[in-house]
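**Q** Return a 3D structure for these sequence lines:
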Amino acid sequence: MRLHLMRYRIPISAFLFILIGGAATFLPAGPSWRHGIWMAGLLITSAPILWSTVRGMTRGKFAADVVASLAVLASLLLGQPVVGLVIVLMQSGGEALEHLAEGRATDALRALEEAVPTTLHRVIGGSVEDVDVDLVRQGDTILVRPGEMVPCDGEVVKGNSHVDTSSLTGEPMPERVTAASKVMSGSINQEGPLVIRVLAVAQESQYARIVALVREAQGSKTPLQRIADRYAVLFTPLTLIVCAVAYGVSGEWSRVLAVLAIATPCPLILATPVAVLGGMNQSARRQILMRNGGALEALGTITTVLFDKTGTITIGRPYVSRVIASNSVSETEVLRLASAVEQGSGHLLARTLIREAERRGIGSATATDVVESPGQGVEGEVEGLRVAVGARSFIMERHPGTRSLIEKADRADGSKA
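**A** Here you go, the predicted model:
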């Protein structure tokens, strides 16, 4: 881990050493100070790169790093630090960009893991106790309060509510659950308390499997295929042959360093990391998230694309597409009254109605005596009128006289929604 972090700091260190060495030329003993500082900087910053190249060679990996490392080593032995520092800066800078491009998936995995509840409310007899999630067993009964994540796959024993399953299924509409309904871990309980019988412990539940799949994908990510690496098998031996010829003709080791420095494909080493980082940043600005740089590279070979429509092709959240009003009430009035009673509700569709009223510039009314039936609907008093908003069954049960109006709206809309 220390080596990994140090390699991130290499480009900055190289710049600092070069700047300090250049400034030292203004001192009385400028040249000697400059050479010593640059040599020390090259020795420190090149160590991780040389070590990484040696480890790769012992594993049979001969990439463009070999030529770069030979050039750095030669510059150390011949006392030519400027050449080595430039190569170190290019080499380590490419690797830093590479890690930066691929490190974003780690943040996503960490967010998934941190969202998992560590404690839950276990129901024993008539009392509720908070226990560690690992202590709960199949068949236990747990309580999930509004706003909490369901920690285990289970079956609702008591209560009714809506649960947000968008993180699992991608569907934006909350799912209504009542007694005997199955619920998945990872879904969020919205408005009513639920008593659930555990069918699978947290480590074996749906959300845990999703986290495990993401971790597996992160661990098996495809490394960036740098352009120079593709030709390193032929390029490296050819470079060494040219070095031997240059020394044989001139008898000077400086000629060998010149060949190695020129042969080091610094632009090609940087090309892929820079292109991938730029591509991932541009994609992120357009709300397209790549798992890693290798996934972005693989797009060049793709011939077929499958889309999960919710949140990808569609907007990923419900919205008001149409308001159907009776002859005696305008659409604006219907939306104004409905949004007034929904102000006190935490339901997803309540926020949708309020957002639509704000978008249309409809002034907000004040509701009093608001009563919410979790999982069903809400009603209250608005300017002397009794206003109810909720599921079809809730409205028909509380206000049977609205049946004909609802059926008329169904015919006009062509659906049962």
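
**Q** Just the pLDDT at residue 171, thanks.
**A** Note for residue 171: predicted pLDDT of 74.

**Q** try residue 306
**A** 81.

**Q** Assumed it was part of a helix.
**A** No - counting by DSSP: H, G, I helix; E, B strand; the rest coil, residue 306 is not part of a helix but coil.

**Q** which residues in the stretch 151-300 of the chain form strands?
**A** 153-158, 161-164, 175-177, 182-183, 188-189, 194-200 (DSSP state E, counting those that start in this stretch).

**Q** most tightly surrounded among those strands?
**A** Mean neighbour count (mean count of other Cβ atoms under 10 Å) peaks for strand 161-164 among these, with a mean of 24. Backbone N, C-alpha and C define where each C-beta goes, glycine included.

**Q** Direction included, what does that one pair up with?
**A** In the sheet, strand 161-164 lines up against strand 175-177 (antiparallel), strand 188-189 (antiparallel) (DSSP bridges).

**Q** Tabulate those strands (TSV), appending mean pLDDT and distance to residue 389.
**A** Shown next, in TSV, are the strands paired with strand 161-164 (pLDDT from 0 to 100; distance: least, Cβ to Cβ, whole Å):
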stretch	mean pLDDT	distance to residue 389
strand 175-177	87	15
strand 188-189	90	21
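
**Q** out of those strands, nearest to residue 128?
**A** Minimum separation from residue 128 across the strands paired with strand 161-164 (Cβ to Cβ) falls at strand 188-189, 15.1 Å.

**Q** Check what contacts that closest one and list those residues.
**A** 144-150, 161, 163-164, 167 (Cβ atoms under 8 Å, 6 or more residues apart in numbering).

**Q** Show me the two of those residues that sit farthest apart.
**A** Taking Cβ to Cβ, no two of the contacts of strand 188-189 sit farther apart than 145 and 167, at 18.3 Å.

**Q** quick one: which of the two has more around it?
**A** residue 167 (15 against 12; other Cβ atoms under 10 Å).

**Q** Check the gap between the nearest residue to that one once chain neighbours are set aside and residue 114 for me.
**A** Leaving aside its chain neighbours, residue 167 sits nearest to residue 186 (5.7 Å; criterion: Cβ to Cβ, 6 or more residues apart in numbering). As judged by Cβ to Cβ, to the nearest Å, residue 186 and residue 114 stand 13 Å apart.

**Q** ok, these two, which is more surrounded?
**A** It is residue 186, of residue 186 and residue 114, that has more neighbours when counted by other Cβ under 10 Å, with 26 against 8.

**Q** thinking again about what came up before, in helices only, show me the contacts of strand 188-189.
**A** Taking DSSP state H as the definition of helices, the contacts of strand 188-189 contribute residue 167.

**Q** What is the nearest of the contacts of strand 188-189 to residue 78?
**A** Closest to residue 78, out of all of the contacts of strand 188-189 and judged by Cβ to Cβ, is residue 167, at 58.6 Å.

**Q** quick one: residue 370 is in a strand?
**A** Yes - assigned with three-state DSSP, residue 370 falls within a strand.

**Q** could you list every residue that touches the residue nearest to residue 167?
**A** Residue 186 touches 149-150, 165, 167-168, 205-207, 210, counting by Cβ under 8 Å, 6+ apart.

**Q** go again using 7 Å as the cut-off
**A** Listed by Cβ atoms under 7 Å, 6 or more residues apart in numbering, the contact set of residue 186 reads 149-150, 167-168, 206-207, 210.

**Q** Repeat that for residue 336.
**A** 357, 362-363, 365.

**Q** List buried residues within the residues you listed.
**A** Neighbour counting with 16 or more other Cβ atoms under 10 Å marks 357, 362, 365 as buried within the contacts of residue 336.

**Q** Looking at the residues you listed, which are in helices?
**A** residue 357.

**Q** what about residue 261, how many neighbours?
**A** Per other Cβ under 10 Å, the neighbour tally for residue 261 reads 21.

**Q** Please tell me how far it sits from residue 276.
**A** Going from residue 261 to residue 276 by Cβ to Cβ gives 26 Å.

**Q** Residue 245 now?
**A** 36 Å.

**Q** Between those two, tell me which one has more neighbours.
**A** residue 276 (24 against 12).

**Q** My understanding was that the more buried one contacts residue 298; is that so?
**A** No - using Cβ atoms under 7 Å as the test, residue 276 is too far from residue 298 to be in contact (11.2 Å).
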